[in-house]
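# Here is a sequence together with a model predicted from it:
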Amino acid sequence: MPGTDSITRITLESLSAAAFEPLLIPHRGWGIAIYLLAWIHCHADVGAVVVRFGINPHAPALAWLATRFMPTRRTDKDFIQELTRLLSTEGVSVLTIGEIAQRMRCSRRRLYEIAPTKEALFVGICRDVLAENLERGFAAARRESDAARAVSAYLHAALNTSGLSKAALADLDTIDSGRAVFDDYQLARVRGLESLLEAGMRQGLMAQHNPRLVSEAILGAAQRLRNQQFLKETGMKIGDAFSEFYEIILNGLLCRPEAGARTS
C-alpha cells in the first residue's frame, strides 16, 4: 500500500489510535495494522491490545507488529531513570507534557499517574536527585576513618554538584514548591557539614571554630566556584577549582616549614 510507511511513522510519532478510525473502512487490512501499532504505542502493553480486539495472543501478525515496531517494555525503575535524565538535563519549562511523553515513548496517562502536572513531575524528580546527591556525600564520609578525611570526602561528593543542570536549577527556582525543595536541600547540606565539623573538633583534628559559620562560608563559596565566568577567567575546570578550594579550607593558607627545618 503506497504511503503506508509514512503513515505508520506519523502514527508512532505524534497521533493517537483514535485518529486512524477512518482508515478501517477504505483500507481495512492496513488500517487495523496501523490502529494496532498506535494502540500499542500509546499503551506500551501488547496484552491490552489482545484483550481489546480479541486477538489470538499467538497470532503471527501480532508478534510481527510487536517485535518490528515496539521496544521492550521498560520496568518502572528504568522508566524513572530515563525520565530523570531527561528532566534533570533539560529542565521542564521548554517541554510540554505531550513532548515529555513523546521523548519518553509513553502515554501521557503514564506521566499523570506519577504527578498531576508537569511542574509537579519535575519537582518530584529534582527532589529525588538532590536526595541521592546528599546521600552520596554522607556515604563517602562514612567510608573514612577519621573526621578530617570524612569532611574532605563529603565536600568532594556533595558540594561541587547538585546533579541538576543549570537549566533544571533555573526552572526549579521559578516554581514555589521547587524553591522549597532546593532550600531544604541546602539546609540539609549545611547541617550535614556542621555535624562532620563538630566531630572533627571533638576529636582534636580540627581547630575550634563555629561550625555553622564555616558551613555557610563553604556553601557561599561553592555557589561562586560554579560560575562559568569565574572559571573562564581563572582557566580552571570546576573539579580542579573545588579541589584547590577544599585544600585551602582543610589545610589553610599559611606555609608550613618542611619536616626538619628550623624555625626562628
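Received, thanks.
# Distance check, L134 against G163.
From L134 over to G163 the distance is 10 Å, taken as C-beta to C-beta, to the nearest Å. Every C-beta, even on glycine, is put in place using the N, C-alpha and C of the backbone.
# how many other residues sit next to the closest residue to L250 other than its chain neighbours?
The shortest distance from L250 to any non-neighbouring residue, by C-beta to C-beta, 6 or more residues apart in numbering, is to S152 (5.8 Å). S152 has 20 neighbouring residues, counting by other C-beta atoms under 10 Å.
# Show the contacting residues for S152.
Residues near S152 by C-beta atoms under 8 Å, 6 or more residues apart in numbering: 144, 246, 250.
# how about the helices in the chain?
Using DSSP state H, the helices of the chain run over 4-14, 28-43, 46-53, 60-69, 76-90, 97-104, 108-112, 118-142, 147-158, 166-173, 176-202, 211-225, 228-234, 238-251.
# now those in a markdown table, with mean pLDDT?
Shown next, in a markdown table, are these (pLDDT from 0 to 100):
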| stretch | mean pLDDT |
| --- | --- |
| helix 4-14 | 40 |
| helix 28-43 | 51 |
| helix 46-53 | 50 |
| helix 60-69 | 52 |
| helix 76-90 | 94 |
| helix 97-104 | 94 |
| helix 108-112 | 93 |
| helix 118-142 | 93 |
| helix 147-158 | 81 |
| helix 166-173 | 88 |
| helix 176-202 | 88 |
| helix 211-225 | 83 |
| helix 228-234 | 87 |
| helix 238-251 | 79 |
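# Hmm, L196 is touching A150, no?
Yes: judged on C-beta atoms under 8 Å, L196 makes contact with A150 at a distance of 5.4 Å.
# any common contacting residues for those two?
Common contact partners of L196 and A150 (C-beta under 8 Å, 6+ apart): A141.
# Tell me the spacing between A188 and S195.
Counting by C-beta to C-beta, the gap from A188 to S195 is 11 Å.
# Per the annotation, how does this protein divide into domains?
As assigned by automatic domain parsing, the chain contains the domains 4-69, 118-251.
# Next up, the contacts around A101.
By C-beta under 8 Å, 6+ apart, the residues touching A101 are 107-108, 110-111.
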